[in-house]
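> From the sequence below, what's the structure:
(chains A and B)
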Number of protein chains: 2
Amino acid sequence: MQRRDFLKFAGSAAAAMGTMAAAAPLLSVKPLLATTDSAYESSILAQKLVYRPDGWGGAKVRYLDYPGGSFDINNPRQADLNQCQSLGTSKIVGNIKQIREIQSGFKQYDLGFYGKLEDLRAAAGPQYYSPMGNALVFGLRPFGTEAYVDGEPRAEKLPIPEPATMSRHIKDIAFYMGADDCGIGILPKQALYTHQVATSEAVAKGAQPSDEFEIENDHPYAIAILYNQDFRTGTMASDGYDGGTYGARRAYFHCGTVACIIANYIRNLGYRARAHHNNNYQLVVTPVLIAAGMGELSRVGDCVLHPYLGFNYKAAVVTTDMPLMPDKPIDFGVQSFCKTCKKCAVECPSQSISSSDTQEEYNGYMKYKLDYKTCTIFRRTQPQGYGCGRCAVVCPWSSKEPSWFHTMASYLSSMKNEAVNRVIANMDDVFGYGTEVATEYKSWLGYPGMGR
Amino acid sequence: MQRRDFLKFAGSAAAAMGTMAAAAPLLSVKPLLATTDSAYESSILAQKLVYRPDGWGGAKVRYLDYPGGSFDINNPRQADLNQCQSLGTSKIVGNIKQIREIQSGFKQYDLGFYGKLEDLRAAAGPQYYSPMGNALVFGLRPFGTEAYVDGEPRAEKLPIPEPATMSRHIKDIAFYMGADDCGIGILPKQALYTHQVATSEAVAKGAQPSDEFEIENDHPYAIAILYNQDFRTGTMASDGYDGGTYGARRAYFHCGTVACIIANYIRNLGYRARAHHNNNYQLVVTPVLIAAGMGELSRVGDCVLHPYLGFNYKAAVVTTDMPLMPDKPIDFGVQSFCKTCKKCAVECPSQSISSSDTQEEYNGYMKYKLDYKTCTIFRRTQPQGYGCGRCAVVCPWSSKEPSWFHTMASYLSSMKNEAVNRVIANMDDVFGYGTEVATEYKSWLGYPGMGR
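Model (predicted):
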């Protein structure tokens, strides 16, 4: 029986037996921060939108404190945060240093630190010309300018509700704009780059592409805005090797534009706010996602796994000094699951993902090693086109077709039991996830061999 | 019994009696143009997305030809189109002249043709400061520039599927980006303005606000992209009198940006394409919507009623010379319904909507008279703030809370029976639609009396 047929059969059988109803309670609903602001509390919008029907999928989610030191989430001070022994489920074992944007993989590649671009491209296969992919990049472009990521706030601060209510309100706005999830965290100082590489706007104004600019940002809070990179039409409409990456670009467009709108909204209220997105980052998104309770660091080096969306999302961030009530980091069993599964490491076409049983120290925190250089070069030059999302496609946690079956698997995966984890990883193989024919889902016009 | 309680009671009663299942077939599915392009046909994306689950709601929809003359939709020639006796259900009785943008209500107001702005504003009440409304306007702004609505197409035309398949593909893209409906029509030449008023970009570059620029556009097709102005959080979160209009601005942002992305996509394929949206129009959207099968002209002067969305949407347009297979105009009973109902005319706070039993000739076609001047001045200066959407809020056709009950009402409304129409309009009153307390739905931060 084909996987799809099995799911269909199992689904209808379960419905007939009434187990569908039994599986429903697995869909946990995210708790909502209490509010004391009655003017806002009466809002139907808030109740409908903050309680996302998806919730956490089937995952069992636990909220974590900031252990060590005397960090108080209601009064976040960087000095106290530095004493913490972990950020979410990621252990901190040393002094985490801020990095420069120029140290990131894509900047290293683009600026020729991984080898001459001509040589790297000469080794690549025929490139796709992707008219729709380019149109999505075009769409985000104006939002990468300074006038769109940042600006002066309204001179006079307006009266706003107290922080818990304001956090709820900001999430409402994100969901109203179409976000698939939104979390608010304290901004770990170490997430900020010390220097940003010249943006395309700066280059157009005369800067050299490798020029660096010092970053100043003392915002205590970060809002993470996530958009689904729909598995069917995004992740699977491209096999990761054909230059499409439509899902990624669509999600970047949506979260990037909405981050700019929310940052502008906050400035219109009289507070400072800066948007960070695919076209203009001043920070590493990973630690922000963890702090905002949007997921855990996974085996895929720097990627955060979301309980419901898995890797099928893109995120943008708004940093702000507007008083907010941050969420807490979460634990839903990723550390235990990734230790056992290793599917991403096995399937990685450039062997960039570690299959080690143990994490290693990297810049003061523990993670599975990732070879940024081989990963980046493969994504930019691989023989069948452009881009790669093999790790996202094969990960059993990444939300595939929404079904009671996936909900149950999410629940089991978060049990932190090695034997169960092994079963889940194997079942994922049995059902053929990650081996499907991508063309089945395709409806994009792409032009192979026509260059980019 | 309150309307909401009644709906709850009726809904659960119907479910218990199994009539829920009986009402389901009323949800008609839109027919899909046949395709002969097998490469594209296999796409799951197309099948899932073009068949919107909403379909036409409960409305009985009939497709109309272009009567009179020898107009061929597969080979649209303007000379033949000029001979037609109607566009959809709107009767053409004379020579329709193209107008200049400066003749439109908002331009007339903004340029002082309806009276001195200082005098008009002095008569208005305290204005709302709307931080989120302003942020949404900010979001669309860069897309109003020439570089974003238009541009040179790729020098070489790429091979594309035949027109019926390409039309389906363009709709897929629109739905993929989040559109709530998308139709493709022939572009009636009369929809184009002859002259556009200076855009804010042109003014920034030195033009006078009242300067006019001649429009050149010989594109035969127009793609209409509709975004839902969600009834609950959009239309009803504002009573139309408080400066919010969040739903309108969100929908304008979404359809405007997506129109620019689709126009860019078409240019990337080697064809000409221009986006028209809230920040930069070269045409009147109304006739385009009718030609694209998105609805019928209603009693509310220039507003097109959509079978499922009612008035709760905003639309942007892409005109193009890329070969497409256009949809046909539709008839779902609006002419018959509007003749009887008159709720918008009765409720209109500025008495701008005609309550006449008969339509009148206006620029060569038949419509209910609308007083643009009083309507526009009220929307700009009314005592409780800014904007008005009373006609949209009270219209029985405008999709309210989605329910089997509304689906059934849509079905009955499209029967073209005067007695039935009267019952539907009265039931709408009985259930209190259009009289609800808007604050129940509110969750926006607005600042009354702080100006705009």
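
> ranges for the strands of the stretch 1-150 of chain A?
Using DSSP state E, counting those that start in this stretch, the strands of the stretch 1-150 of chain A run over A:62-63, A:86-87, A:90-91.

> quick one: A:Tyr221 and A:Thr319 touch, right?
Yes - A:Tyr221 is within contact range of A:Thr319, at 6.9 Å (criterion: CB atoms under 8 Å). C-beta coordinates here come from the backbone N, C-alpha and C atoms, glycine included.

> Quickly list what's touching both of the two.
A:Leu187 (CB atoms under 8 Å, 6 or more residues apart in numbering or on different chains).

> for the helix ranked longest in chain A, the distance to its chain's centre please.
Using DSSP state H, we find that the single longest helix of chain A is helix A:246-268. Averaging C-alpha positions (CA atoms, centre = their mean, to the nearest Å) puts helix A:246-268 14 Å from its chain's average.

> lowest average confidence, helix or strand, in chain A?
helix A:19-23 (a mean of 33; mean pLDDT, DSSP states H and E).

> all helices of the stretch 51-200 of chain A, in order?
A:78-81, A:105-110, A:117-122, A:131-140, A:146-149, A:163-176, A:200-204 (DSSP state H, counting those that start in this stretch).

> Out of those, which gets nearest to chain B?
Closest to chain B of those, according to CB to the nearest CB: helix A:131-140, at 3.5 Å.

> related to what we said a few turns ago, right, and the helices of the stretch 51-200 of chain A - which one's nearest B:Asp172?
Ranking these by proximity to B:Asp172 (CB to CB) places helix A:131-140 first, at 10.2 Å.

> My guess is A:Leu305 contacts A:Gly295. True?
Yes - under the criterion of CB under 8 Å, A:Leu305 makes contact with A:Gly295 at 5.0 Å.

> And those two? Which one has more around it.
Per other CB atoms under 10 Å in any protein chain shown, whichever of A:Leu305 and A:Gly295 has more neighbours is A:Gly295, with 32 against 25.

> pLDDT wise, what is that one at?
Model confidence at A:Gly295, given as pLDDT, is 95.

> ok, now which ones touch A:Gln424?
In this structure residue A:424 is Ile, not Gln. A:337, A:341, A:396, A:409, A:412-413.

> run the last query once more with 7 Å
Residues in contact with A:Ile424 (CB atoms under 7 Å, 6 or more residues apart in numbering or on different chains) are A:396, A:409, A:412-413.

> now do A:Val203
Counted by CB under 7 Å, 6+ apart, A:Val203 has contacts A:Pro209.

> for A:Tyr227, same thing?
Contacts of A:Tyr227 by CB under 7 Å, 6+ apart are A:179-180, A:251, A:254-255, A:313-314.

> From A:Asp181, how far off is it?
9 Å (CB to CB, to the nearest Å).

> Could I have the buried ones of the contacts of A:Tyr227 as PyMOL selection syntax?
Filtering the contacts of A:Tyr227 down to the buried ones (16 or more other CB atoms under 10 Å in any protein chain shown) takes a single PyMOL command:
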select buried, chain A and resi 179+180+251+254+255+313+314
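
> In terms of distance to chain B, which of the contacts of A:Tyr227 ranks first?
For the contacts of A:Tyr227, the nearest to chain B is A:His254 (7.8 Å; CB to the nearest CB).

> pretty sure the closest one contacts A:Gly178?
Yes - assessed by CB atoms under 7 Å, A:His254 is found in contact with A:Gly178 at 6.3 Å.

> quick one: low-confidence parts of the stretch 251-400 of chain A?
A:384-386, A:399-400 (pLDDT under 70).

> Apply 90 and report the result again.
Residues of the stretch 251-400 of chain A meeting the criterion pLDDT under 90: A:301-302, A:307-312, A:347, A:349, A:378-400.

> Tell me which stretches of it form helices.
A:285-291, A:334-341, A:343-347, A:372-381, A:390-394.

> So which elements touch the first one?
Pointing back at helix A:285-291 there. Under the contact definition 3 or more CB pairs under 7 Å, 6 or more residues apart in numbering or on different chains; DSSP states H and E, helix A:285-291 sits against strand A:86-87, strand A:181-186, strand A:221-228, strand A:296-297, strand A:304-305, strand A:313-320.
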